[in-house]
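**Student:** What follows is a predicted protein model with its sequence.
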Amino acid sequence: MDAATQDMLKNLFETKLNSAMRLYLETCTHCGACVEACHVYNSMPEMRYSSVGRSEIIRKVFLKYFKLQGKIAPWLGETIELDDVTMDRFYDAAYSCTGCRRCMMYCPFGIDTQMIMGIAKLLLIGADKEPKLLTMLADMSIAKGEDAEASKAGFEEAIANIEPEVEALWKTAPGKKTIPLNVEGADILYVALSPKHSIIPAAAILNAADASWTLSSFEAVNFGAFMGDSKRMMAIAQRIIAEAERLKVKTVAIVECGTAYRVMKQQTGKHPFEVVAFVELIAKFLREGKIHTTKNIAEKLTYHDPCQVARNGGVYEDPRYVISQIASDFKEMTPNREMNWCCGGGGGLVAMGELEFRMKSSRVKADQVKASGAGRICTICENCQTQLTDLSEHYELGVQVDSLANLVAHALIQE
Amino acid sequence: MESITAVKVLDYKGLSCPMPIVKISMEIGKVAVGDVLEVHTTDPGSIADFPAWAKTTGHEIVEIKQEPGLIRIFVRRKK
Amino acid sequence: MNALFSLAASAVQHLTGAKLGSFWSKAALILSESADATSGATVAADATSGATAAAVAVSPFLNAIEYTIVVPLLYFSVLFCIVGIIWRLYKILGAPPAPYSLKIYPSSKSPGLGALKDTFAMPQLRRHKPLFWVFLVIFHISLIMLLLGHLDILPSISIVPESSRHMVGAGLVGVGVTVPLLYFLFRRFRTPVRELSVPADYLLLILILFLFLFGDLMSWGNSWTPNGFVMTKQDFSLYFQGLAQFTFADPRAVLPGSHYHFLVIHVLLADLFFIVLPFSKILHAFLSYPINLLRRK
């Protein structure tokens, strides 16, 4: 690596040094409390797969380039130079971390490893060594925002083509559109994903509640966030923000996608609309008696708290309440809520493929699901759902994985 | 338009997000430049996803055909 | 800043200037006393007189070094420490804030109180590392007692009665810091903490361990042995009074006996500790609250 590249990377590093980052880099006392927090370390016990093991690579580079101690006595903190080997270690650290932030439940200082990994991810982009698949997906999302008009007619046709499947779940009231698009002044903008299974159950539920809603033209998922690229992240989110502002909606309801929810709720500033996870709407409809369900799931059912919605988003009780309205035999996993094990598919890993690593690194998750004794598991994140399905297959758990919205849509009854 | 012949048909129906785009970007490298792949999907989002992907990666969407229950997307490898 | 300069100036003046005369005369006095003692002995073996001769030659230098350690260097290191801490805190907390909230849920009703609880009660460690937590709690409470114990030596502050031979905790505070410290050091030699540790971690703990041990020597001696440590708490208080009043007097005058050197080493380690502190992980004492606030706010 030449000096110019090193300088460029050093400058990129510096852009990340806000007060929180400095606290995270300078406070760690190497106490080791976080080591056992990580599902990857627990499944593959190597220090590089622990929270502190990942962060230390960044800290040692920080010490070398930004601290007097690293310049005077580099041996004291065993500093690391920015070179190709270090960049490979950055990749190994950042893309073996799912950004679940479970380690924040162990650290006496609450150090956020996901945030520190943001430095590694940014420098990887700078060195042109980031996962190209994520860049491609993020750039696709951005391009989609630029050319929204071109595919408008085609999209409308595709949406009209899936309307019968919504009707099969719930007959829309006469005079109302089954899947409304571009409705100015609607109360709710529902932001789905590309697949139809992210649209159909939600549309049935919204129609059952007789809600005033409209479907977003964009997918909620944010690949820029997975890449740790705040510019791309904002560009992708901005498409939806602009749409919500144009349609003057009161609420933006995010599909079952953890990253999408956290990005929109916490990482894109203040909005003139409220941001909710779709499950929060379902719970509200049920509490207000706007929809009614039957407890049509008799088999033992458990629930997986997606990290970005639960620990990092605060949605714990609504999904449990919703489940209590559709299932008669609910069993919590141990641990659960803020201590729940990450599914092992976050941080872009599912999108990147990485099947072998995802399976190896999530052995603890498979054990946890197995121990619950449940035959079915539901969750509110597409990413978790994919990973749990893969885990069930790989570890032969024989567990059926469902989306909670889909279960609710199939439990809807006319009162 | 009648003359489009795909060298391969790819069934991407019912995949989870963002697998159709991930898979097509893998498959496109396996055919010769100029060849056309036919993707079968059920994702309404694909209508915009594929052209946006083609634009950023330099390939071409020859045609998108829709019928109830199936979306057929014809992708030509350009480089 | 002016006060700082005048302090430094008077320290320099003391070392080089007028007062130096009294210092040398005191040194000469000590030397002549030891010479008298030697001549008074009926049989002076060659070896003994040889050693004495060496002592005579070294003693003035040793005295000068020891005086430097226990008075001017102590002032300097404490001042350096305070300025260093302020500088570090300014660099860290003065940087722009994070662009978005970093909190985790369930959220505290009061982020400030939540962060205080995290800082002082360390519930995460209590849950996941209970033994480590017990040692940490004993250690940190003892550290506060240790600070009080040193303040208590000042004649103007009286926590334990001035007349008592005991310092705060009567030797137990020393146990409270030393035993956990040994635990902290030993756990660094074990996997997985060993794999995370860098030389700075070991050196810091070793520095503090020796600092404590020399303190223990004095405190345990005074509290737990019939003869005491030769220098009593009352002797130390005269030294502290001199420091507090910036007299720049040589404490050798009030701290008799050859055990004095133990005190000098204790103070030397304390000097090092103060100089190292702002650039070491001990800064977590000041960063713990703001960093925990990020998780709560």
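**Tutor:** That came in fine, so what should we check first?
**Student:** okay, CA-based contacts and neighbour counts for the rest of this
**Tutor:** Will do.
**Student:** how far away is C:Met218 from C:Thr232?
**Tutor:** For C:Met218, the distance to C:Thr232 equals 9 Å [C-alpha to C-alpha, to the nearest Å].
**Student:** So those two - more neighbours on which side?
**Tutor:** Counting neighbours by other C-alpha atoms under 10 Å in any protein chain shown for C:Met218 and for C:Thr232 shows that C:Met218 has the greater number, 23 against 19.
**Student:** was I right about the more buried one contacting C:Phe229?
**Tutor:** Yes: under the criterion of C-alpha atoms under 8 Å, C:Met218 makes contact with C:Phe229 at 5.7 Å.
**Student:** Just the buried positions in stretch A:6-18, please.
**Tutor:** A:9-10, A:12-13, A:16-18 (16 or more other C-alpha atoms under 10 Å in any protein chain shown).
**Student:** Let me know the closest of the residues you listed to A:Leu391.
**Tutor:** Within these, the smallest distance to A:Leu391 is 35.2 Å, found for A:Lys16 (C-alpha to C-alpha).
**Student:** burial count for the closest residue in space to that closest one that isn't next to it in sequence?
**Tutor:** Of all residues beyond its chain neighbours, the one nearest A:Lys16 is A:Ile119 (6.5 Å), with distances taken as C-alpha to C-alpha, 6 or more residues apart in numbering or on different chains. Using other C-alpha under 10 Å, A:Ile119 has 25 neighbouring residues.
**Student:** contact partners of the helix or strand harbouring A:Ile119?
**Tutor:** Per DSSP states H and E, A:Ile119 falls inside helix A:113-126. Helix A:113-126 has contacts (C-alpha atoms under 8 Å, 6 or more residues apart in numbering or on different chains) with A:8-9, A:12-13, A:16, A:21, A:24-25, A:51-52, A:54-55, A:58, A:87, A:90-91, A:93-94, A:97-101, A:103-104, A:130, A:227-229.
**Student:** Which of those are buried? Put it as a PyMOL command.
**Tutor:** For the buried members of the contacts of helix A:113-126, the matching PyMOL selection, counting by 16+ other C-alpha under 10 Å, is:
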select buried, chain A and resi 9+12+13+16+21+24+25+51+52+54+55+58+87+90+91+93+94+97+98+99+100+101+103+104+130+227+228+229
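**Student:** Looking at the contacts of helix A:113-126, which are in strands?
**Tutor:** In strands, defined here by DSSP state E, there are no members of these.
**Student:** Name the residues of the stretch 101-250 of chain A found near chain B, please.
**Tutor:** A:133, A:136-137, A:139-141, A:143-144, A:147-148, A:151, A:154-155, A:157-159, A:161-162, A:193-197, A:218-219 (C-alpha under 8 Å from any C-alpha of the partner chain).
**Student:** Just the buried residues from those residues, in ChimeraX please.
**Tutor:** Command for ChimeraX that selects the buried part of these, burial taken from 16+ other C-alpha under 10 Å:
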select /A:133,136,137,139,140,141,143,144,151,154,155,158,159,161,162,193,194,195,196,197,218,219
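**Student:** Pop the domain breakdown of the chain in here.
**Tutor:** Picking chain A for this. The record, using automatic domain parsing to delimit domains, assigns chain A the ranges A:3-129, A:134-287, A:292-413.
**Student:** let's do chain C instead
**Tutor:** C:2-70, C:122-286.
**Student:** Tell me which residue lies farthest from the centre of chain B.
**Tutor:** Counting by C-alpha atoms, centre = their mean, the extreme residue of chain B relative to its mean C-alpha position is B:Pro68, 17.8 Å from that point.
**Student:** And A:Ser372, how far from A:Val399?
**Tutor:** Using C-alpha to C-alpha, one gets 11 Å for the distance from A:Ser372 to A:Val399.
**Student:** Please state the offset of the top helix by length along chain B from the chain centre?
**Tutor:** Longest among the helix segments of chain B by residue count, using DSSP state H, is helix B:46-57. Centroid separation between helix B:46-57 and its chain, computed with C-alpha atoms, centre = their mean, to the nearest Å, is 9 Å.
**Student:** now do stretch C:137-150
**Tutor:** 12 Å.
**Student:** pLDDT of that stretch, averaged?
**Tutor:** Looking at stretch C:137-150 alone, the average pLDDT works out to 95.
**Student:** give me the low-pLDDT residue ranges for the stretch 151-297 of chain C?
**Tutor:** Within the stretch 151-297 of chain C, no range satisfies pLDDT under 70.
**Student:** What residues does it have near chain A?
**Tutor:** Within the stretch 151-297 of chain C, the positions adjacent to chain A are C:192-193, C:195-200, C:279, C:281, C:283-284, C:287-288, C:291-292, C:294-295 by C-alpha under 8 Å from any C-alpha.
**Student:** what about 10 Å?
**Tutor:** Residues of the stretch 151-297 of chain C lying close to chain A by C-alpha under 10 Å from any C-alpha of the partner chain are C:184, C:187-188, C:191-203, C:279-296.
**Student:** on that earlier part again, shared neighbours of C:Met218 and C:Phe229, anything?
**Tutor:** Both C:Met218 and C:Phe229 are contacted by C:His259, under the criterion C-alpha atoms under 10 Å, 6 or more residues apart in numbering or on different chains.
**Student:** give me the number of residues near the residue nearest to A:His410 when sequence neighbours are not counted?
**Tutor:** Counting by C-alpha to C-alpha, 6+ apart, the nearest residue to A:His410 once its immediate chain neighbours are dropped is A:Leu169, at 6.7 Å. The number of residues packed around A:Leu169, counting by other C-alpha under 10 Å, is 19.
**Student:** who does the host helix or strand of C:His284 touch, helix- and strand-wise?
**Tutor:** Assignment of secondary structure by DSSP H and E places C:His284 within helix C:284-296. Using 3 or more C-alpha pairs under 10 Å, 6 or more residues apart in numbering or on different chains; DSSP states H and E, the elements in contact with helix C:284-296 are helix A:19-27, helix C:72-93, helix C:111-121.
**Student:** Now tabulate those in TSV and tack on mean pLDDT and distance to chain B.
**Tutor:** Conversion of these to TSV gives the following (pLDDT from 0 to 100; distance: least, C-alpha to the nearest C-alpha, whole Å):
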stretch	mean pLDDT	distance to chain B
helix A:19-27	97	31
helix C:72-93	96	40
helix C:111-121	95	37
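**Student:** looking at those helices, which is buried most?
**Tutor:** Mean neighbour count (mean count of other C-alpha atoms under 10 Å in any protein chain shown) peaks for helix A:19-27 among these, with a mean of 22.
**Student:** The residue in the stretch 151-297 of chain C positioned nearest to chain B and A:Cys97: what is the separation?
**Tutor:** Closest contact between the stretch 151-297 of chain C and chain B, by C-alpha to the nearest C-alpha, is at C:Arg295 (30.8 Å). In this view, C:Arg295 and A:Cys97 are 19 Å apart by C-alpha to C-alpha.
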